[in-house]
Each structure stands twice: as C-alpha cells, then as structure tokens.
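> just the structure for this:
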Amino acid sequence: MILSDEDIKKNIRDGIIKITPAPNFEEQLGPCSLDLHLGNSFKVFKMSRYTFIDLKNGTNVDDMMEEIIVKDGASFIIQPHDFVITVTKEEITLPSTIMGRLDGRSSLARLGLVIHVTAARFDPGWRGKAVMELGNLGTVPIVLYAGMRICAMTFESLSSLSQVPYLQQADHKYADQSSATASRINEEPK
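Residues are numbered from 1 along each chain as shown. You can find the predicted model right below:
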C-alpha cells in the first residue's frame with residue numbers, strides 16, 4: 001500500500017523513515033509523495049581510452065567518468081542528449097518494512113528531462129542519498145540548480161517484514177551513497 005501524505009509525515013516524525021535534512025512538509029509533501037531536492041554532485045562521461053563499455057571483461061565505468069561539484073544554489077547545465085548521474089540533497093533511511101520509489105516531476109518531464117532511466121526502486125533497509133540518472137531528451141540545454149526540487153519519492157509498505165533488507169544483502173553495492181555514484185556492475189560475479 002502506498003503511504004498517504006499523513007502516513008508519510010507520521011513515519012518521518014516517528015523516525016521510522018529518516019530523512020536528513022528534515023523535510024519542509026508545506027513545500028515538499030504531496031498527496032502521496034515527498035519532493036526531494038537536487039544535490040551538488042554530478043558525474044559525466046569524459047573522453048576515454050575506451051571506445052565501448054564491456055560488461056563481461058571488467059570495464060571500470062568510474063574511470064570513464066568525472067565528478068563535478070557545484071555550490072548550493074549554483075547551476076549545472078545538461079545539454080541535449082546528455083546523460084548525467086546525480087544525487088539528491090536528502091539522505092534517506094528506509095526501514096525493512098517500507099520501500100521507496102522515485103519519480104520525476106511532471107513539470108521537468110515536459111521540458112524533456114528524464115529523472116531516472118530505470119532505477120526507480122529503493123529496497124527496504126536502503127540508506128543513502130538517492131542517485132538519479134538524468135537525461136535531456138529535448139533539443140535545448142536545461143539549466144538545473146543545486147537545491148531545486150527535482151523528483152518525488154513515494155513510500156510503499158510491504159505485506160510483511162523483509163527477511164533480508166538491502167544493507168544485509170551480501171552483494172549490496174549502493175549503500176550509503178553521499179555523491180553521484182557510477183555503475184558498479186563490474187563488481188558482480190561473472
């Protein structure tokens with residue numbers, strides 16, 4: 001079941017869902033979601049010695065990217081057809097009874113900005129800043145500002161307690177993210 005605005009507030013106030021910095025409910029709370037803000041860490045692909053990404057033979061994707069940090073309130077321009085990894089300002093901790101789902105904002109989608117490519121689910125027990133995969137499908141650059149509302153997270157209660165929450169999984173790769181994190185697919189067993 002998706003949590004309502006009242007249930008989101010109650011779970012945050014009771015410390016069941018932890019969000020830092022604490023949300024401003026008047027600004028961020030929707031009927032069944034909580035808006036999150038754009039952080040200041042971005043990862044972009046740089047010119048590389050690699051001409052392709054080889055998923056079987058261990059291409060280190062992080063080596064192919066560079067991190068750009070902008071100050072709070074400063075701008076970052078995403079060019080048409082660009083792909084950028086970024087992060088929310090908020091750090092989120094989910095209990096083993098609730099999962100999160102990230103959605104883009106309609107107002108930004110109407111400009112051609114895709115907020116996440118496919119990685120919208122945050123498993124029960126997950127902790128960190130939500131990493132987003134941004135894409136500009138439009139024909140003109142879009143100026144983004146660190147601290148602007150960028151996405152919304154909905155919270156869903158599980159039918160029962162998760163037996164192996166995210167942080168207890170042996171292969172969790174994206175726990176405790178504090179900045180834009182490149183793909184770690186090369187860490188998976190071959």
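
> Leu29 touches Ile19, doesn't it?
No - Leu29 is beyond contact range of Ile19, at 11.3 Å (criterion: C-beta atoms under 8 Å). (Each C-beta comes from the backbone N, C-alpha and C, glycine too.)

> what comes into contact with the lengthiest helix in the chain?
Looking across the chain with DSSP state H, the single longest helix is helix 5-13. For helix 5-13, contacts defined as C-beta atoms under 8 Å, 6 or more residues apart in numbering pick out 3, 17-19, 22-23, 25, 29-34, 98, 155.

> for that helix, buried residues please.
Buried residues in helix 5-13, counted by 16 or more other C-beta atoms under 10 Å: Asp7, Ile8, Lys9, Asn11, Ile12.

> now swap in stretch 32-52 and tell me
33-45.

> closest one of the residues you listed to Ile142?
For the buried residues of stretch 32-52, the closest approach to Ile142 (C-beta to C-beta) belongs to Leu38, at 11.8 Å.

> any idea how far that closest one is from Val117?
17 Å (C-beta to C-beta, to the nearest Å).

> now do the helices in the chain.
Using DSSP H, helices in the chain cover 5-13, 25-28, 106-109.

> what's in contact with the last one?
Counting by C-beta under 8 Å, 6+ apart, helix 106-109 makes contact with Ile115, Ile150, all of which sit outside it.

> now that helix - C-alpha only, CSV.
Extracted C-alpha coordinates of helix 106-109, given in CSV (Å, rounded to 0.1, in the frame of the first residue of the first chain):
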residue,chain,number,x,y,z
SER,A,106,5.9,16.4,-14.5
SER,A,107,6.9,20.0,-15.0
LEU,A,108,10.5,18.9,-15.7
ALA,A,109,9.4,15.9,-17.9
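
> off-centre distance for that helix?
Distance of helix 106-109 from the chain centroid (C-alpha atoms, centre = their mean, to the nearest Å) equals 16 Å.

> same thing with the second one?
Its chain's average C-alpha position is 19 Å from that of helix 25-28, according to C-alpha atoms, centre = their mean.

> ok, stretch 102-111 next?
For stretch 102-111 - counting by C-alpha atoms, centre = their mean - the centre lies 14 Å from the chain centre.

> residue contacts, Leu161?
So Leu161 contacts Ser96, Thr97 (C-beta under 8 Å, 6+ apart).

> among the contacts of helix 5-13, which two are most distant?
Between any two of the contacts of helix 5-13 (C-beta to C-beta), the greatest distance is 22.0 Å, for Lys18 and Pro31.

> many thanks, we can stop here.
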